[in-house]
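Asks: below are the sequence and a predicted model; questions follow.
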Amino acid sequence: MKSKQKRPKFLNLFAIHLPVTGLTSFAHRVSGALLFLAIPALVYSFGLSVRNADGYDAALSNLDSLPVKLVSTLLVWSIAHHILAGIRFLLMDIDVGEHIAIAKASAWVVNVAGLLIAFILISKIWL
């Protein structure tokens, strides 16, 4: 049986309005993926720093470069948001904050607190 549904031919992702809870969930997934993808670079940098004194100096000089500072900025936000959102989701798993008003408020708290923590830590990176 055929159904005549009007499917969009072009889905404009910028026109989709996510509620704050959906935005927090999406950002949690993105931050987790970013942290996972950063593991090889972090392991390489750690290995370089513990090899010898020259390796430690090379690792320090790498941390002062602009691309590494930009990636570090993104990773600082990722870890701050991922930890806060993870705690929120764990609390929701044990039925704390399941009501829609509390869920929206906690999502706002996670998003704003993640940005504030990231901003404080990023100021240490750039200054």
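Replies: On my side now, so go ahead. These numbers were taken from a predicted model, which means no experiment stands behind them. Numbers count the residues shown, from 1 in each chain.
Asks: how long is stretch 11-30 end to end?
Replies: 20 Å (Cα to Cα, to the nearest Å).
Asks: check what contacts it and list those residues.
Replies: Applying Cβ atoms under 8 Å, 6 or more residues apart in numbering, the contact partners of stretch 11-30 are 78, 81-82, 85-86, 88-89, 103-104, 107-108, 110-111. The way it works is simple: take the backbone N, C-alpha and C, and place the C-beta from them, glycine included.
Asks: just the buried members of these?
Replies: Among the contacts of stretch 11-30, those classed as buried by 16 or more other Cβ atoms under 10 Å are Ser78, His81, His82, Ala85, Arg88, Ala103, Ala107, Val110, Asn111.
Asks: most widely separated two among the residues you listed?
Replies: Ser78 and Ala103 (22.2 Å; Cβ to Cβ).
Asks: hmm, back to that, would you format the contacts of stretch 11-30 as TSV with secondary structure, distance to Leu13 and pLDDT included?
Replies: Listed next are the contacts of stretch 11-30 as TSV, based on DSSP: H, G, I helix; E, B strand; the rest coil; distance: Cβ to Cβ, whole Å; pLDDT from 0 to 100:
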residue	secondary structure	distance to Leu13	pLDDT
Ser78	helix	21	97
His81	helix	20	97
His82	helix	22	97
Ala85	helix	21	96
Gly86	helix	25	96
Arg88	helix	25	95
Phe89	helix	24	94
Ala103	helix	24	93
Lys104	helix	22	94
Ala107	helix	20	95
Trp108	helix	22	96
Val110	helix	22	96
Asn111	helix	19	96
